[in-house]
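Student: sharing a model that was predicted from the sequence below.
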Amino acid sequence: MRSDVIKKGYTRTPHRSLLRATGLKDEDFDKPFIGVANSFIECIPGHFFLNTYAAIVKDEIRKNGCVPFEFNCIGVDDGIAMGHNGMLYSLPSREIIANSVESVMNAHKLDALVCIPNCDKIVPGMIMGALRVNVPTIFVSGGPMAAGRGLNGEQIDLNTAFEAVGQFETKKITADELKTIECNACPGGGSCSGMFTANSMNTLCEGMGIALKGNGTILALSPEREELLRATARRICEIALDDRFKIRNIINKKTIRNAMVIDMAMGGSSNTILHMLAISREADAPLDIKELNEISRSVPHIAKVSPSLPGVHMQDVGKAGGLSAIIHEIANYKADLLNLDALTITGETLGERVKNDVIKDEKIIHAVGNAYSMRGGLAILFGNLAEQGCVIKAAGIVGDRKFSGKAVCFNSQDEAIEGISSGRISKGDVVVIRYEGPKGGPGMQEMLSPTSLIMGRGLGADVALITDGRFSGATRGLSVGHVSPEAAEGGMIGLLEDGDIIDIDVDNFSINVRLSPDEIAKRKANWQYAGKKVEGRWLRQYQKLVTNASNGAILEA
């Protein structure tokens, strides 16, 4: 056992003495030691109950002859951190989480790992840390939140609350209606109920084979979710000493490609690209961002979930057959789109796992013959405005997929929020928010507040937004993020001026500003950094080490 390093032989007498202080007995030193990485934190609705979930997992691990050791990772709730400088810490928290998992598992030489994440950066952070440790690992999330209910019984969610702010500012709803939405949009524990970043990543854990079936769709705080926890604990005990199930044997080039195919089919959050780029580098199977358009051209988009389709949520996807039905439909359409022989944590191949999972409700998961689009729900755009690429959630576009307009430039998200709220933005404009990339932010803030204000003001089909920052999974509209090189690197987005004409063509994967090479060269020669002063020691450290978004915003070693 890997854990024999800390528990076997006379030289480990002090180590065993310390372990006995935690409650271990003689018989425990012959059992596998299982790390239980828990992201319990009381201020995140997807996490405040995970202490009870960890207790369930540990109970089942003990019943199955292994010794659990729970440890905790931090978490940041993007919704609560949104719209103020707290968001600067969100993406950097991914690196702290990865480092925490690596530190605890390697310092104590634990044999296997169960990860209990749920929201935002916590899922990819735990995956990155687990890949560094490379022991048998299973992910089991806290589960998605149920959708809320509006005054007329319609399904609502967090995105409804964000967009309601813009509706209130333009007097489309009253203060009482705003309060009703506030009180009902998030009805209880779980990751936010749409295909936002958390649920996108939790479904991709399932798609990559590091989680059991249903991980992405079984509701939080349900009996079915408790059984998933117990099944996970039983399985980790079965494979704890089996090298075939080390996480690097599950996550590899095949499964990373599978994840992106699945992501395109279900129209996941644009943040999945950022995280999968980072995960692929931890797995030593680096994904080239240019590969993604080849995937997008080939994969039909067959599932639309809020925010792309308001009123449809993860609970509906689960009832319609879940992620396995989406995979099954894509595999039946064109088998070579997916690596169906990829191993999953249960010992089945991906093809074996989904072979009987057909669509149960074609209003929620479409058959390929009735796809929303024969192109995937995400796209990478290139051009003189983004030489290294930028990302758009094509599934969330509410107007035309081709747009030209005049730039209105802001050097921070705060400036943009003030400008949008004060009515500076008109139909036909391209809102430019810069110096919010991984280095410039630092931390690459999510732009849910400005995009929600645009939608709430009724401009979603008539205004585009581009940024070197990123978007919440709840964002919809013609919103282009992750522009690389970013403004803080002297990228073209930092050279734009008010009135420049920007052309966006999603179907041709292009984004350009109408400027001559001579004019661009002149602006580069005159460019001066216009970013903000960074406060906070951790953010300054992060800014020095972080790469841009086209490289996954990972830290340079």
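Tutor: Nice, thanks for sending it over.

Student: hey, let's count contacts and neighbours off CA atoms from now on
Tutor: Noted.

Student: gap between residue 29 and residue 385?
Tutor: 59 Å (Cα to Cα, to the nearest Å).

Student: pLDDT-wise, which helix or strand of the protein ranks last?
Tutor: Ranked by mean pLDDT, DSSP states H and E, the weakest helix or strand in the chain is helix 448-456, scoring a mean of 85.

Student: just checking, what packs against it?
Tutor: For helix 448-456, the packing partners by 3 or more Cα pairs under 8 Å, 6 or more residues apart in numbering; DSSP states H and E come out as helix 158-169, helix 413-421.

Student: neighbour count: residue 29 and residue 385, which is higher?
Tutor: Higher neighbour count among residue 29 and residue 385: residue 385, with 28 against 19, using other Cα atoms under 10 Å.

Student: separation between the more buried one and residue 432?
Tutor: In terms of Cα to Cα, residue 385 sits 11 Å off from residue 432.

Student: same thing with residue 424?
Tutor: Taking Cα to Cα, one finds residue 424 at 13 Å from residue 432.

Student: more crowded one of those two?
Tutor: Neighbours were counted for residue 424 and for residue 432 using other Cα under 10 Å; residue 432 has more, 25 against 12.

Student: for that one, give me its contacts.
Tutor: Applying Cα atoms under 8 Å, 6 or more residues apart in numbering to residue 432 gives the contacts 407-410, 465-467, 493.

Student: what do residue 385 and residue 432 both touch?
Tutor: residue 493.

Student: on the three-state scheme, residue 114 is what?
Tutor: strand (DSSP: H, G, I helix; E, B strand; the rest coil).

Student: tell me which residues of the longest helix that the chain contains are tucked away?
Tutor: Ranked by residue count, the top helix of the chain under DSSP state H comes out as helix 90-108. Within helix 90-108, the residues that count as buried by 16 or more other Cα atoms under 10 Å are 90-102, 104-106.

Student: ok, residue 98 touching residue 126?
Tutor: Yes: with contact defined as Cα atoms under 8 Å, residue 98 reaches residue 126; the gap is 5.4 Å.

Student: point out where the stretch 151-300 of the chain drops to low pLDDT.
Tutor: For the stretch 151-300 of the chain, not a single residue meets the criterion pLDDT under 70.

Student: can you rerun that using 90?
Tutor: Along the stretch 151-300 of the chain, segments meeting pLDDT under 90 span 151, 159, 162-163, 165-166, 169-170, 196, 267-270, 290.

Student: buried sites along the helix or strand that contains residue 541?
Tutor: Per DSSP states H and E, residue 541 falls inside helix 537-545. For helix 537-545, burial by neighbour count (16+ other Cα under 10 Å) applies to 539, 542-543.

Student: same question, stretch 395-402
Tutor: Buried residues in stretch 395-402, counted by 16+ other Cα under 10 Å: 395-398.

Student: which single one of those residues is nearest to residue 194?
Tutor: Nearest to residue 194 among these is residue 396, at 12.3 Å by Cα to Cα.

Student: gap between the two ends of stretch 291-306?
Tutor: Note: stretch 291-306 ends 26 Å apart using Cα to Cα.

Student: ok, stretch 404-421 next?
Tutor: Note: stretch 404-421 ends 23 Å apart using Cα to Cα.

Student: what comes up buried for that stretch?
Tutor: Buried-residue list, stretch 404-421, by 16+ other Cα under 10 Å: 404-413, 416-417, 419-421.

Student: likewise stretch 244-262?
Tutor: Per 16+ other Cα under 10 Å, stretch 244-262 contains these buried residues: 245-262.

Student: same check on stretch 146-153?
Tutor: 146-150.

Student: out of those residues, what pair is the most spread apart?
Tutor: 146 and 150 (13.1 Å).

Student: please enumerate the strands of the stretch 351-500 of the chain.
Tutor: With DSSP state E, counting those that start in this stretch as the criterion, the stretch 351-500 of the chain has strands at 379-383, 386-392, 402-410, 429-433, 464-467, 478-484.

Student: present the ones you listed as a markdown table; the columns should include distance to residue 553 and mean pLDDT.
Tutor: Formatted as a markdown table, these follow (distance: least, Cα to Cα, whole Å; pLDDT from 0 to 100):
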| stretch | distance to residue 553 | mean pLDDT |
| --- | --- | --- |
| strand 379-383 | 16 | 96 |
| strand 386-392 | 13 | 96 |
| strand 402-410 | 22 | 97 |
| strand 429-433 | 18 | 96 |
| strand 464-467 | 15 | 95 |
| strand 478-484 | 10 | 95 |
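
Student: and of those, who's closest to residue 529?
Tutor: Across the strands of the stretch 351-500 of the chain, closest to residue 529 is strand 402-410 (Cα to Cα), at 13.6 Å.

Student: just checking, what packs against that closest one?
Tutor: In this structure, strand 402-410 makes packing contacts with strand 429-433, strand 501-505, judged by 3+ Cα pairs under 8 Å, 6+ apart.

Student: need the winner for burial among these.
Tutor: When you average the neighbours per residue for each of these (mean count of other Cα atoms under 10 Å), strand 429-433 leads with a mean of 27.

Student: chain center to the helix or strand containing residue 124, what's the gap?
Tutor: Per DSSP H and E, residue 124 falls inside helix 122-133. Mean C-alpha position of helix 122-133 versus that of the full chain (Cα atoms, centre = their mean, to the nearest Å) differs by 13 Å.

Student: now swap in stretch 518-530 and tell me
Tutor: Per Cα atoms, centre = their mean, the centroid offset for stretch 518-530 relative to its chain is 34 Å.

Student: please name the nearest non-neighbouring residue to residue 485.
Tutor: residue 491 (4.6 Å; Cα to Cα, 6 or more residues apart in numbering).

Student: quick one, what contacts the one you found?
Tutor: So residue 491 contacts 385-386, 484-485 (Cα under 8 Å, 6+ apart).

Student: picking that back up, so can I have a markdown table of the buried residues of stretch 395-402 showing distance to residue 453 and pLDDT?
Tutor: Below are those laid out as a markdown table (distance: Cα to Cα, whole Å; pLDDT from 0 to 100):
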| residue | distance to residue 453 | pLDDT |
| --- | --- | --- |
| 395 | 19 | 83 |
| 396 | 15 | 83 |
| 397 | 15 | 87 |
| 398 | 15 | 82 |
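
Student: from those residues, which is closest to residue 190?
Tutor: Using Cα to Cα, residue 396 is the member of the buried residues of stretch 395-402 that lies nearest residue 190, at 22.7 Å.

Student: contact partners for residue 520?
Tutor: Residue 520 neighbours (Cα under 8 Å, 6+ apart): residue 495.

Student: how about it, secondary structure?
Tutor: The assignment at residue 520 comes out as helix when based on three-state DSSP.

Student: ok, now how distant is it from residue 226?
Tutor: 58 Å.

Student: break down the stretch 251-400 of the chain into its helices, ranges please.
Tutor: 253-266, 271-282, 291-298, 314-319, 322-333, 350-354 (DSSP state H, counting those that start in this stretch).

Student: could you identify which of those helices is most buried?
Tutor: helix 253-266 (a mean of 26).

Student: ok, residues contacting that helix?
Tutor: 200, 204, 207-209, 272, 276, 280, 285-287, 292, 295-296, 299-304, 326-327, 330, 337-339, 342, 375-378.

Student: hmm, try it at 7 Å
Tutor: Contacts with helix 253-266, where a contact means Cα atoms under 7 Å, 6 or more residues apart in numbering, come from 204, 207-208, 280, 285, 295-296, 299-304, 327, 338-339, 342, 376-378.

Student: need the contact list for the nearest residue to residue 92 once chain neighbours are set aside.
Tutor: The shortest distance from residue 92 to any non-neighbouring residue, by Cα to Cα, 6+ apart, is to residue 443 (5.8 Å). Listed by Cα under 7 Å, 6+ apart, the contact set of residue 443 reads 88-92, 437.

Student: nothing else from me, thank you.
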